[in-house]
Structures are given as C-alpha cells and as structure tokens.
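1. Pasted the sequence and its predicted model underneath.
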Amino acid sequence: MRESLNNRIQLFIRNREIMKKNFKLEYSMIHYLCSYIYTENNKILDPDKIKEAKKIINKNTGIFSYFKGVAKLAESTKLSLKNDMEGEFLEVLKTYKLLKKEFRSSEYLPSVACFISENRHTLDVENLIKKSAEVYKLMKNNHPFLTSSEDVMLATLLAMTKENIDETISSMEYAYKKLKKHFISSNSVQSVSHVLTLTDGDIDLKINKLLNIFNKLRENNLKYGKTNELTILAILALSEKTVDEIARDIVDIFNVLKKEKLVGFFSATKAQGLMFAALLLIIDYTKESNQNAFKEIAVKSVISIIIEEIALMSTVAITSAAAASSASS
C-alpha cells in the first residue's frame with residue numbers, strides 16, 4: 001500500500017479513537033463520520049473545538065431548529081475547523097434563510113447551507129439558490145415521488161457545475177433507467193444517476209465503470225451496499241483510476257480497518273466498513289488527481305452528501321434498537 005494512503009487510514013483510525021473517547025453517548029457511525037471530516041482536512045481531531053462549535057450552534061438557533069437535529073455533531077465538527085467559528089456560522093444562517101425562500105425546511109437543508117456558505121466567496125449565492133430551485137423542480141417533474149429534501153444538495157451541485165440543465169436531466173433519466181435494472185432502491189439509483197452526470201463524458205462508460213467496480217468487489221467476497229453507499233462508489237467511478245485499481249484499493253483499506261477492529265461485531269458492519277474505505281480512497285485520489293473535474297466534485301460534494309444520510313441512518317438504528325428493547329421488556 002502506498003504511504004500516502006496508509007497515512008490517511010492511520011489518521012482516520014486515530015481520529016475515531018478520539019471521538020469514541022470524548023463523545024461516548026453518540027452512535028458509532030457519527031464517530032466514524034466526524035473522524036472522516038477531520039481526516040479529509042488532514043488534521044488530528046480536536047474534541048474541545050467541536051464542543052465549542054456545538055455551543056455556538058445552540059446559542060444561535062432555536063430549540064426546534066433543524067441545526068439541532070440528527071446531524072448536529074457532524075455540523076459542529078465541520079464548523080470546528082474554521083478559525084472564526086461564530087462568524088462562519090452566522091454566514092451559514094444567512095444562507096439558510098435564503099434557501100428557505102425556495103425550499104421547504106428539512107433536516108437536509110442545514111448541510112446545503114453550510115456547503116454554499118463555504119463557497120460563498122466564489123459564488124453568486126442568491127442566483128445559485130434560484131437556479132438550484134429550478135433544477136430541483138425539473139428533477140421533481142421526472143420523479144415526483146422520489147425527489148425530496150435529500151436531493152436539494154445534488155440539485156445545488158448540478159446548478160453549480162452544469163450549463164445545459166435540460167441535457168443533464170436527460171442524461172440523469174437515461175442513467176436512472178439503466179441502473180434500475182441492477183439495483184432495487186429507487187432513491188439510491190436516483191442519487192447515483194445525479195452524481196454520474198456531474199462531470200462530462202460518456203454516460204454509458206460511467207455507468208459500466210460503476211457496475212464493474214461493484215461486481216469486482218463482489219468477486220473479492222465483499223458485498224458493497226446497494227443503498228446510500230452507492231453514491232460514494234459513483235463518485236469513485238468519475239475518477240481517472242481503473243476499475244482494478246479502485247477495487248484493489250478499497251479491499252486494501254477495508255482489510256486494514258478490519259484488522260484494527262473498526263469493522264466487526266462491536267463496531268461498523270461490513271457494508272459500513274466498505275463505505276468508509278471508499279470514502280478514504282476518495283480523499284487519496286482527490287489529493288493526487290490531475291483531473292480537475294473529479295477534484296472539484298469529490299471535494300465539494302462527498303461530505304455534504306453523506307452527512308445527513310448517515311446521521312439519519314444512525315437515528316433509525318437507534319430508534320429500532322429502542323423499539324426492540326421495549327417490545328422484549
């Protein structure tokens with residue numbers, strides 16, 4: 001394994017231990033997610049700054065604010081990386097107010113606000129939000145029952161990166177129909193179809209590359225997840241790396257995580273471990289890539305896309321466990 005990749009894995013492992021020690025009551029997947037956020041920034045996790053960021057969010061939002069929802073610790077972790085945490089969060093709140101003029105409030109909207117605010121110095125924020133709302137409406141026209149608040153982030157990314165939206169929507173629909181033959185989850189297939197159109201290039205080649213990576217992992221007796229995790233695999237399919245390189249690197253990272261007991265009975269499931277292996281690989285490819293389009297999409301999208309989904313999965317897991325415990329007592 002190349003040194004740069006091994007260093008990122010070791011940093012991730014160290015950060016997860018810090019999270020586990022300092023935020024014991026949080027669900028384990030939140031530990032992994034916050035560790036990933038710091039690892040992506042090549043920093044050792046600072047629990048005191050995260051706690052300070054949580055206080056800033058609490059101070060500046062109401063009791064029922066979505067900023068205090070399931071992803072609060074992840075949002076606090078991202079905020080903790082800023083030099084002026086309170087000033088940065090106030091900018092996020094300004095963006096959030098603009099978003100609420102175009103979109104319904106939801107647990108996903110704070111993450112979109114953070115993402116746009118981070119890039120506000122190079123964007124016309126108001127025009128971007130209006131364009132994002134237009135893209136979202138086009139997406140909803142095609143899939144009125146599938147398209148929901150969780151798709152606002154991808155609508156924003158499309159608005160940022162694509163000029164010909166009608167052509168992009170057409171490619172998305174084409175990818176959706178082809179991928180639906182292989183995966184049951186309509187929501188996941190829709191998200192993957194969005195990601196695959198974020199860069200230029202032959203859509204069939206990208207679809208086939210995604211399927212080949214997925215199948216290559218299965219050949220190694222590793223069943224990659226078919227739901228939210230597919231979005232991450234789709235981002236890797238946009239890279240210039242070959243199917244064999246991507247699958248080999250995911251397997252290598254997964255084996256290290258398993259050896260270090262980050263995958264197993266008392267930690268992440270095999271599917272979750274593979275997902276974080278893929279995420280760590282995205283960091284590595286992003287740092288070394290000369291492919292500007294992949295760099296931009298990977299850096300700008302990956303954390304924001306998964307934060308709310310993982311947080312919500314965590315909540316579902318906790319709720320299910322509580323319900324099962326209640327039923328058995």
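-> In hand now; what should we look at?

2. Quick one: residues contacting A159.
-> L128, K131, S132, E134, V135, I165 (Cβ atoms under 8 Å, 6 or more residues apart in numbering). The way it works is simple: take the backbone N, C-alpha and C, and place the C-beta from them, glycine included.

3. 6 Å instead, please
-> L128, K131, S132, V135 (Cβ atoms under 6 Å, 6 or more residues apart in numbering).

4. Take these and keep only those in helices.
-> L128, K131, S132, V135 (DSSP state H).

5. for the third one, what are its contacts?
-> S132 makes contact with A155, T156, A159, according to Cβ under 6 Å, 6+ apart.

6. list the contacts for the first one?
-> Right, the one you point to is A155. S132, V135, Y136.

7. so how far is T161 from it?
-> 11 Å (Cβ to Cβ, to the nearest Å).

8. do the same with K130
-> Taken as Cβ to Cβ, the span from K130 to T161 is 16 Å.

9. Could you do E3 as well?
-> 32 Å.

10. Looking at those two, which one has more neighbours?
-> T161 (17 against 7; other Cβ atoms under 10 Å).

11. per-residue confidence for the nearest residue to that one once chain neighbours are set aside?
-> Of all residues not flanking T161 in the chain, L198 sits nearest, at 5.8 Å (Cβ to Cβ, 6 or more residues apart in numbering). pLDDT recorded at L198 is 85.

12. so how many other residues sit close to L198?
-> Neighbour tally, L198, other Cβ under 10 Å: 25.

13. Equivalent analysis for E134, please.
-> 13.

14. Tell me where the stretch 51-200 of the chain is predicted with low confidence.
-> Applying pLDDT under 70 to the stretch 51-200 of the chain flags the ranges 70.

15. which outside residues touch stretch 136-151?
-> Under Cβ under 6 Å, 6+ apart, the answer for stretch 136-151 is S106, Y108, A155, I169, E173, S186, N187, Q190.

16. so where do the helices sit in the stretch 101-250 of the chain?
-> 109-118, 125-142, 152-161, 165-179, 186-196, 203-219, 230-237, 243-259 (DSSP state H, counting those that start in this stretch).

17. Only C-alpha atoms, please: export the shortest one in PDB.
-> Taking C-alpha atoms only, helix 230-237 is exported to PDB below (Å, rounded to 0.1, in the frame of the first residue of the first chain):
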ATOM      1  CA  LEU A 230     -23.700   3.600  -3.900                       C
ATOM      2  CA  THR A 231     -23.400   7.400  -4.200                       C
ATOM      3  CA  ILE A 232     -19.900   7.200  -2.900                       C
ATOM      4  CA  LEU A 233     -19.000   4.400  -5.400                       C
ATOM      5  CA  ALA A 234     -20.400   6.600  -8.100                       C
ATOM      6  CA  ILE A 235     -18.000   9.400  -7.200                       C
ATOM      7  CA  LEU A 236     -15.100   7.000  -7.500                       C
ATOM      8  CA  ALA A 237     -16.400   5.900 -10.900                       C
END
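
18. Give the rounded mean pLDDT of that helix.
-> The model assigns helix 230-237 a mean pLDDT of 91.

19. what's in contact with that helix?
-> Contacts of helix 230-237 (Cβ under 6 Å, 6+ apart): 188, 191-192, 195-196, 206, 209-210, 213, 246, 275, 278-279, 282, 298, 302, 305.

20. how far out from the middle of the chain is it?
-> 10 Å (Cα atoms, centre = their mean, to the nearest Å).

21. That one to helix 186-196, inter-axis angle?
-> Orientation check (axes from the mean of the first three to the mean of the last three Cα atoms, to 10 degrees): helix 230-237 against helix 186-196 gives 20 degrees.

22. quick one, helix 230-237 and helix 243-259 angle?
-> Going by the same axes, to 10 degrees, helix 230-237 makes 130 degrees with helix 243-259.

23. the inter-axis angle of helix 230-237 versus helix 152-161?
-> Using the same axes, to 10 degrees: helix 230-237 against helix 152-161 is 20 degrees.

24. Please apply the same query to the longest one.
-> With the same axes, to 10 degrees as the criterion, the two stretches helix 125-142 and helix 152-161 enclose an angle of 120 degrees.

25. Could you list the buried residues of helix 125-142?
-> V125, L128, I129, K131, S132, A133, V135, Y136, L138, M139 (16 or more other Cβ atoms under 10 Å).
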